[in-house]
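[1] Show me how the following folds:
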Amino acid sequence: MRRALAEAERATLSGDVPVGAVVLAQDGTVIAAGHNEREATGDPTAHAEVLAIRRAAEHLGQWRLTGCTLVVTLEPCTMCAGAIVQSRVDRVVYGARDEKAGAAGSLWDVVRDRRLNHRPEVITGVLEQECAKQLTAFFRDR
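    Here you go, the predicted model:
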């Protein structure tokens, strides 16, 4: 999660909301990372999770991220939750809950919806206060 927090800090340099994500291989090594780049690129899909998932798939040479863990500073939104399910990530670990748009247990629970063909394990609250503090500081400064 500390690596994801460092990624999130990079997002603030371009005025993006500080969300960072990393993808870990089954052995725990970081194979990809990303941070929000919507403002930097003008791409509405450039969320940290989506970018990290794309880079992990490129690194592995396949779209299935079976055995991988996605670590992200903020609970994924519905778009990112869909990408998580579609990429077959085994585990999602997130820090701060997103009561307004969270789709991994807060507002919705897309990633564990029994109607879908893949449901990753979800671990919440990892370094939650640090993740929330980073986001709060960003919005307070704006």
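[2] The protein: strands as residue ranges?
    Counting by DSSP state E, the chain has these strands, from start to end: 20-24, 30-35, 69-74, 91-96, 121-123.
[3] Now render the ones you listed as JSON lines, adding distance to residue 63, mean neighbour count and mean pLDDT.
    Every C-beta, even on glycine, is put in place using the N, C-alpha and C of the backbone. What follows is the strands of the chain, written out as JSON lines (distance: least, CB to CB, whole Å; neighbours: other CB atoms under 10 Å; pLDDT from 0 to 100):
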{"stretch": "strand 20-24", "distance to residue 63": "13", "mean neighbour count": "27", "mean pLDDT": "98"}
{"stretch": "strand 30-35", "distance to residue 63": "13", "mean neighbour count": "22", "mean pLDDT": "98"}
{"stretch": "strand 69-74", "distance to residue 63": "14", "mean neighbour count": "28", "mean pLDDT": "98"}
{"stretch": "strand 91-96", "distance to residue 63": "17", "mean neighbour count": "24", "mean pLDDT": "98"}
{"stretch": "strand 121-123", "distance to residue 63": "20", "mean neighbour count": "14", "mean pLDDT": "98"}
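[4] quick one: contacts for residue 29?
    Applying CB atoms under 8 Å, 6 or more residues apart in numbering to residue 29 gives no contacts.
[5] now the strands of the chain in TSV, with distance to residue 138?
    Shown next, in TSV, are the strands of the chain (distance: least, CB to CB, whole Å):
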stretch	distance to residue 138
strand 20-24	12
strand 30-35	12
strand 69-74	11
strand 91-96	12
strand 121-123	24
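[6] residues near residue 84, how many?
    Applying other CB atoms under 10 Å, we find 27 residues neighbouring residue 84.
[7] Where does the prediction get shaky in this protein?
    Within the chain, no range satisfies pLDDT under 70.
[8] Distance-wise, check residue 51 relative to residue 19.
    10 Å (CB to CB, to the nearest Å).
[9] Check residue 129 too.
    Taking CB to CB as the measure, residue 129 falls 16 Å from residue 19.
[10] ok, now residue 52?
    Taking CB to CB, one finds residue 52 at 10 Å from residue 19.
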